[in-house]
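> Need a 3D model of the following:
(4 chains)
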Protein chains: 2
Amino acid sequence: MARLNLLRFSPFRLNRLAAEFSGALAADYARFGIDIPEWRVLATLGLHDGPRSAAYVVRCTRTHKSRISRAVSQLAGLGLVERHEDEGDRREIMLALTPEGRAVYAELVPLLLAREERLLAALDPGERREFERLLGKLETGLGLMRCDEPA
Amino acid sequence: MARLNLLRFSPFRLNRLAAEFSGALAADYARFGIDIPEWRVLATLGLHDGPRSAAYVVRCTRTHKSRISRAVSQLAGLGLVERHEDEGDRREIMLALTPEGRAVYAELVPLLLAREERLLAALDPGERREFERLLGKLETGLGLMRCDEPA
DNA sequence: CCATGATTGTTGTATCTGCAACCATCTGGT
DNA sequence: ACCAGATGGTTGCAGATACAACAATCATGG
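Predicted coordinates for the structure are as follows:
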């Protein structure tokens, strides 16, 4: 009979590794009272200088729009993000970091990069590049690379 | 100011890739009325011939014990798993696949291996071996490899 | 042999998640 | 200009999840 060793089954391994990574980062987010979806919104807005719509954040992060909607509400409640209607299309709500939001972003980024460094510490620089290259091939194969940058 | 491109941030990429993999497998599980935690129990029990305790499944799968407990309850309700007390330690409850459970396992394994094949199709055989090797280094670095096989 | 603490497994509960329904707005065809 | 369908965003709700509290059993030390 065909058997399957869970410990060598890629979906399980990726799931477990991703959970471990996320759990490690949670300690950094928690300091600012936010969680993964909120961080994704911050990261997407922080990468650019101008405002972006919620739909753009949804496409970029591949996160469900209800989750993004609630994450934005919480960030707005914390004073880290501002919502204002777009002139051209009144359905879209443009999102922008407040100065406080940008300060949190600036403080969070080095912490998260250091955390990533520790999580990948088992790989030497060459292995790390190769790992990232293979991740890219898998992502492309699954059609995950589109972000559809508008403007 | 330091910035961070979410699309190149390993925790995000792993999280997204793992979600994609899990989602793809869900179609296979669903055919048998089960979900990821139930599959993990099936996979752990199916790999061995003899029964295993729930605590063993917890350690192997690194899944919360309450999740395993409820997964076992559902599998028992479906007639796929049997619970019976251990003679030596009456706290432990030994779990074993029923003939029906083993039949489901035997039917599910080829489906899941074929699905994994498709998910990794973007990598050629050498790249796949390298990817698995790097996953192993990361797992070892994070202390994820222990399963503590008893008996 | 008893007491304290650890281990196994279940369950109550608060929270989170995703789906779908919904409203508002825009677009395109006629 | 109008209507059907698409798109952006919010919210109700049902199911899932994790955390902690709990009961039962075992192990250890004096």
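> And the closest residue to A:Ala121 other than its chain neighbours, how close does it get to DNA strand C?
Leaving aside its sequence neighbours, A:Ala121 sits nearest to B:Gly141 (CB to CB, 6 or more residues apart in numbering or on different chains; 6.2 Å). All C-beta atoms are positioned from the backbone trio N, CA, C, and that covers glycine. Distance from B:Gly141 to DNA strand C, counting by CB to the nearest atom of the strand, to the nearest Å: 25 Å.
> go on, A:Tyr105?
Using CB to the nearest atom of the strand, which is the criterion applied here, A:Tyr105 is 20 Å from DNA strand C.
> where does that residue fall, phi/psi-wise?
Main-chain torsions, A:Tyr105, degrees, to the nearest 10: phi -60, psi -50.
> ok, back up a step: quick one: the residue nearest to A:Ala121 and A:Glu127 touch, right?
No: B:Gly141 is not in contact with A:Glu127 according to CB atoms under 8 Å; the separation is 11.2 Å.
> pLDDT score for the residue nearest to the spatial centre of chain A?
Centroid check for chain A by CA atoms, centre = their mean gives A:Arg40 as the closest residue, at 3.6 Å. Listed pLDDT for A:Arg40 reads 96.
> List the residues that contact it.
Residues in contact with A:Arg40 (CB atoms under 8 Å, 6 or more residues apart in numbering or on different chains) are A:57, A:61, A:63, A:68, A:71, B:6, B:12.
> so the fifth one is in which element?
What that stands for is A:Ala71. Using DSSP states H and E, A:Ala71 maps to helix A:65-77.
> Go through stretch A:89-105 and flag the buried ones.
By neighbour count on 16 or more other CB atoms under 10 Å in any protein chain shown, the buried set for stretch A:89-105 is A:93-97, A:101-102, A:104-105.
> Can you pull the residues of chain A lying near DNA strand D?
A:53-55, A:58, A:65-66, A:68-70, A:72-73, A:83, A:89, A:91-93 (CB under 7 Å from any atom of the strand).
> Filter these down to the buried ones, ChimeraX style.
Provided next is the ChimeraX selection string for whichever of the residues of chain A next to DNA strand D are buried by 16+ other CB under 10 Å:
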select /A:53,54,58,68,72,93
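> In the residues of chain A next to DNA strand D, find the pair that's most separated.
In those, two members sit farther apart than any others by CB to CB. They are A:Arg70 and A:Asp89, at 22.2 Å.
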